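Asker: sequence and predicted model, in that order:
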Amino acid sequence: MRNPYEVLGVGATASPAEIQSAYRKLAKKLHPDLNPGDKAAEERFKEVAAAYDLLGDVDKRKRFDAGEIDASGAEKPPPQQHYYRDYAAGNHGNPYADASGYADFMDEDDPFAEMLRRSHHARANRRGQDLRYRLAVDFVDSITGATRRLTLPDGSTIDVTIPPGLVDGQTLRLKGKGAPGAGKGAPGDALIEVEVRPDRRFTREGDDITIEVPVSLTEAVLGGEIRVPTATGEVSMRVPKGANTGTKLRLRGKGAPRRGGGHGDQFVRLRVVLPSAPDPELEAFVASWKGRDYDPREGRTS
Amino acid sequence: MTMTKQEFLRSAGLKVQVLELWLEQRWLVPEEEAGEPRFREIDIARARLIRQLSEDFGANDAGIDVILHLMDQLHGVRRALAELREEARRGRG
């Protein structure tokens, strides 16, 4: 057995971080699952793993340095019995293996492509292909959940359940709704990429939703109850006395559903809006208002 | 021979939240029987590999996603190669 420091290519005074980084660098190159066709890599990987088992453990390393245990390591880690590649290459068929790495070769018009196609099609119990679709849903439906019917190119339809809280770009997998398989092979899945149409009222950030709501001068100054739209319908909200443009109020639990339970919040950003037409009474009132000289720009440098 | 979700969690030594995340990412795609997921031996080996990628190699989620995708393609290509070899042997013999 080689000296573990040599195996990892580090000096005897290497820090734990250096040892870990040396191990990772080698393991990434040599791991049998990242080298499914390389038998020699496996032997080297075992050596590297054993060396790291010794030097990566502060206690074992100390004992090794003190000569208490040798490079074979007093307690050897149980060798990994099977790698992923052993299953991936098995005759039972690897459900994850994917023909997209050579699909272009199959499209060609030559004897080689013909051979590839034949072997692809002749594969017994071949799983059907996944078929990809796109679907656009309204923002509100993405929050509350909905069912949408998708018409496929062949005229058939599938009902797609939009889970509550879906995010833009999320892909839904409908089991068995893809292309049929061969023999005992299962059908593929339909993969539906869902686009959430933007809503001019709501914006979403994580599980929280923000909406801007106009309030009148009276509501802002004196406070009051207003109705606010949420994804699940209108709710009542109290505007506190002295609210202002930019004031942010929280409607707890009115945001998007969270994974693992609960909901985010809806934030309501107020915008004070004056009557659209000039109002002589308001003018007269403001002209005689004691606070009329309040300068919100005071103290600004620009 | 397949396993239920509980059996799989035990054999693979995974927390249920982690599994849910992996299923959502489609890193693991079990079979389904009567609406229930059924896990295979290959899923255990794949789960172990995902853990190694993350814990031993420091790959993040995005990295693991890319690695698995390329690996699945690689195994597809290897299988196609193996079948072509069979076909060539038959053709000769």
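Answerer: Alright, I've got the coordinates.
Asker: quick one: the helices in the stretch 51-200 of chain A?
Answerer: Under the criterion DSSP state H, counting those that start in this stretch, helices of the stretch 51-200 of chain A are mapped to A:58-65, A:84-88, A:103-107, A:111-122, A:139-144.
Asker: right, so of those helices, which gets closest to B:Ile44?
Answerer: Of all the helices of the stretch 51-200 of chain A, helix A:84-88 sits nearest to B:Ile44, with 8.5 Å by CB to CB. (Glycine included, C-beta is placed from N, CA and C.)
Asker: mind exporting the C-alpha coordinates of the closest one to CSV?
Answerer: Only the C-alpha atoms of helix A:84-88 are listed here, as CSV (Å, rounded to 0.1, in the frame of the first residue of the first chain):
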residue,chain,number,x,y,z
TYR,A,84,-24.4,3.3,-9.8
ARG,A,85,-22.8,2.2,-13.0
ASP,A,86,-23.4,-1.5,-12.1
TYR,A,87,-27.1,-0.9,-12.2
ALA,A,88,-27.1,1.6,-15.0
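Asker: other SSEs contacting that helix?
Answerer: Helix A:84-88 sits against helix B:41-51, helix B:61-92, with contacts defined as 3 or more CB pairs under 8 Å, 6 or more residues apart in numbering or on different chains; DSSP states H and E.
Asker: determine if any part of the host helix or strand of A:Glu47 is in contact with chain B.
Answerer: Per DSSP states H and E: A:Glu47 is located in helix A:39-55. No. Using CB under 8 Å from any CB of the partner chain, helix A:39-55 never reaches chain B; the gap is at least 8.7 Å.
Asker: got the angle for that helix vs helix A:58-65?
Answerer: Here helix A:39-55 runs at an angle of 100 degrees relative to helix A:58-65 (axes from the mean of the first three to the mean of the last three CA atoms, to 10 degrees).
Asker: hang on, the earlier thing: I'd like the helices of the stretch 51-200 of chain A laid out as JSON lines, including mean neighbour count and mean pLDDT.
Answerer: Formatted as JSON lines, the helices of the stretch 51-200 of chain A follow (neighbours: other CB atoms under 10 Å in any protein chain shown; pLDDT from 0 to 100):
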{"stretch": "helix A:58-65", "mean neighbour count": "14", "mean pLDDT": "90"}
{"stretch": "helix A:84-88", "mean neighbour count": "22", "mean pLDDT": "83"}
{"stretch": "helix A:103-107", "mean neighbour count": "13", "mean pLDDT": "81"}
{"stretch": "helix A:111-122", "mean neighbour count": "14", "mean pLDDT": "75"}
{"stretch": "helix A:139-144", "mean neighbour count": "21", "mean pLDDT": "95"}
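Asker: run a quick neighbour tally on residue 55.
Answerer: Let's take chain A. 25 (other CB atoms under 10 Å in any protein chain shown).
Asker: switch to chain B, that's the one I care about
Answerer: 9.
Asker: which single residue in chain B comes nearest to chain A?
Answerer: B:Gln73 (3.3 Å; CB to the nearest CB).
Asker: okay, and the beta partners of A:Arg132?
Answerer: Listed beta-bridge partners, A:Arg132: A:Leu191 (assigned using DSSP bridges).
Asker: show me the residue at the heart of chain B, geometrically.
Answerer: Chain B has B:Arg46 as the residue nearest its centroid, 4.1 Å off, counting by CA atoms, centre = their mean.
Asker: what's the closest non-adjacent residue to that one?
Answerer: Setting aside the residues directly before and after it, B:Arg46 is nearest to A:Tyr84 in space (CB to CB, 6 or more residues apart in numbering or on different chains), at 5.6 Å.
Asker: give the contact list for the residue of the stretch 101-250 of chain A found nearest chain B.
Answerer: At 3.3 Å from chain B, A:Gly101 is the closest residue in the stretch 101-250 of chain A, using CB to the nearest CB. A:Gly101 sits next to B:Gln73, B:Leu74, B:Gly76, B:Val77 when contact means CB atoms under 8 Å, 6 or more residues apart in numbering or on different chains.
Asker: can you rerun that using 10 Å?
Answerer: For A:Gly101, the contact set (CB atoms under 10 Å, 6 or more residues apart in numbering or on different chains) comprises B:His69, B:Leu70, B:Asp72, B:Gln73, B:Leu74, B:His75, B:Gly76, B:Val77, B:Arg78, B:Ala80.
Asker: A:Lys25 versus that one, what's the distance?
Answerer: 26 Å (CB to CB, to the nearest Å).
Asker: number of nearby residues for residue 6?
Answerer: Here I'm looking at chain A. The local packing of A:Glu6 (other CB under 10 Å) involves 10 other residues.
Asker: my question was about chain B
Answerer: Residues lying near B:Gln6 (other CB under 10 Å) number 9.
Asker: circling back: per-residue pLDDT, the residue of the stretch 101-250 of chain A closest to chain B?
Answerer: Listed pLDDT for A:Gly101 reads 81.
Asker: which non-adjacent residue is nearest it?
Answerer: In space, A:Gly101 is closest to B:Gln73, 3.3 Å off (CB to CB, 6+ apart).
Asker: can you check A:Glu47 too?
Answerer: A:Val7 (5.5 Å).
Asker: from A:Arg24, how far out is that neighbour?
Answerer: 14 Å.
Asker: mind checking which of these two has more residues around it?
Answerer: Remark: of A:Val7 and A:Arg24, A:Val7 carries more neighbours, 22 against 15, as counted by other CB under 10 Å.
Asker: now the more buried one: which helix or strand?
Answerer: Assigned by DSSP H and E, A:Val7 belongs to helix A:4-8.
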